[in-house]
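> Structure for this input, please:
(2 chains)
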Amino acid sequence: MARIVGSITTSHVPAIGGAIAKRLQSDPYWKPFFDGFPPIRKWLAEVKPDIAVVVFNDHGLNFFLDKQPTFAIGAAPEYRNADEGWGIPMVPPFAGDLDLSWHLINSLIADEFDMVTCQEMTVDHAFTLPMALLWPDQKWPVRTVPICVNTVQFPLPSAKRCYKLGQSIGRAIESFDSDARVMVIGTGGLSHQLEGTRAGFINKEFDLKFMDSLIKDPTWATQFSDLDLVEQAGTQGVELLNWLVARAALTGRVTLEHSSFHIPISNTAAATMLMENHV
Amino acid sequence: MSVTKPKRQIPGTTVFDGDMARKGYALNKMCYSFNARANREEFLRDEDGYCAKYGLNEQQRAAIAHRNVLELLAAGGNAYYLAKFGGIFGLDMQDIGAQQTGVTKEEFKAKLAAAGR
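Residues are numbered from 1 along each chain as shown, chains lettered A, B, ... in the order given. Sure, this is the predicted structure:
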């Protein structure tokens, strides 16, 4: 059966794409963020995952508000980036893993998570930038399965529901008839708010508590409603739901192998975590 | 008879819920179209015609004309879709944040940096 090797969580701010394109990794503004990745890349080089399940939120590239699924999953042979309106350079396409996609679909729906299934899907910066941070040469060594969580239109799926989705994903991966090493990536956050007179809101204390909870008390965040999360983490800080899904997918004992936290990148508290799963 | 509970208010914050999604549909649909370069160029060539094509109401049309983010939000705009509109003019999130909070871009950036201390 497949093995879950760990979860990596990271912010996915579009400006990161601009910084990569302009080679600003060592610029004083950007360095504290990019410095979070070499230890993660070292781990990836050692563990060599075969497949990445990427939990993220689409920001109006693949989905528009005409159809806004709460949970959706890709089942495509390939996923491509496309113009999101502001000109970040494109990245090479990502290979899918149809067997794992359909195994997840079958398992999750049997487990009462009624996923929207997508045999065609474009992936936006929330998928592409974390991949480019993990593999800067953009020669993707993993096949991928995208999972989208609605963090755009309220009501959002509750933190409690997202946690359970993660657990269901974890059980599904572990029943996948394959010797693949599978990692789960959760992208977005942490606290930030783009709109309104509260634009620029950041909550360092909450973010650090949330990160700590993922190791010590992973269901801690499930006490919060979607509006609680808006209040605590900002209107876009709710993307931490993707982190929660990724963490909950780890079925074994979990150790923190690396983390970084830096304010600000663009308008955002930027953070990364590497959590290893010990079966 | 259904009873609608008063909505929870979070200061300085518009939650993009069903009411806003209904109100802003035409505006957000236009902004979604800006994913395509040809549409961005068409908007710049003929702003009136482009807004009419998407059926913007008066409030939305005025907010677009004013390039005013708080007005666009009040007209039902969603931040992620409005970012595509901002992208046409090369505005980044600090430009947009500064405009909404009535400070200079440098002041807005200083506020962000202060949140890390």
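> contacts and neighbour counts: CA atoms only from here.
Will do.
> which residues are contacting the helix or strand bottoming out on mean pLDDT in chain A?
Lowest by mean pLDDT, DSSP states H and E among the helices and strands of chain A is helix A:15-21, with a mean of 92. Here helix A:15-21 makes contact (Cα atoms under 8 Å, 6 or more residues apart in numbering or on different chains) with A:Gln25, A:Trp30, A:Ile88, A:Pro89, A:His125, A:Leu129, A:Ile265, A:Ser266.
> Can you tell me which of those residues end up in strands?
Per DSSP state E, strands hold the following members of the contacts of helix A:15-21: A:Ile265.
> Just give the closest residue to the spatially most central residue of chain B, not the sequence neighbours.
Centroid-nearest residue in chain B: B:Leu82, 3.8 Å away (criterion: Cα atoms, centre = their mean). Nearest non-adjacent residue to B:Leu82, counting by Cα to Cα, 6 or more residues apart in numbering or on different chains: B:Cys31, 6.2 Å away.
> still on that earlier bit, and the residue nearest to the centre of chain B, which of the three is it?
helix (DSSP: H, G, I helix; E, B strand; the rest coil).
> rewinding a little: just the buried positions in the helix or strand following the least confident helix or strand of chain A, please.
Following helix A:15-21 in sequence order, the next helix or strand is helix A:31-34 (DSSP states H and E). By 16 or more other Cα atoms under 10 Å in any protein chain shown, the buried positions in helix A:31-34 come out as A:Pro32, A:Phe33, A:Phe34.
> what number of residues lie near the closest residue to chain B within the stretch 1-150 of chain A?
Nearest residue of the stretch 1-150 of chain A to chain B: A:Gly85, at 4.2 Å (Cα to the nearest Cα). Residues lying near A:Gly85 (other Cα atoms under 10 Å in any protein chain shown) number 23.
> do A:Asp35 as well
13.
> Over to A:Val142?
For A:Val142, the neighbour count with other Cα under 10 Å is 21.
> That one: what's it in contact with?
When contacts are counted by Cα under 8 Å, 6+ apart, A:Val142 touches A:Pro49, A:Asp50, A:Ile51, A:Ala52, A:Ala95.
> Repeat the analysis, applying 10 Å as the threshold.
By Cα atoms under 10 Å, 6 or more residues apart in numbering or on different chains, the contact list for A:Val142 reads A:48-53, A:94-97, A:131, A:135, A:181-183.
> If any of those residues are buried, give me the ChimeraX selection for them.
To isolate the buried ones among these in ChimeraX, judged by 16+ other Cα under 10 Å, type:
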select /A:48,49,51,52,53,94,95,96,97,131,135,181,182,183
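> Of the contacts of A:Val142, which is the nearest to B:Arg37?
Sorting those by distance to B:Arg37 puts A:Phe94 at the head of the list, at 23.2 Å, by Cα to Cα.
> Make sure that closest one is actually in contact with A:Asp124.
No: look at A:Phe94 against A:Asp124 with Cα atoms under 10 Å: they stay out of range, at 11.9 Å.
> any shared contact partners between these two?
With Cα under 10 Å, 6+ apart, A:Phe94 and A:Asp124 have common neighbours A:Tyr79, A:Arg80, A:Asn81.
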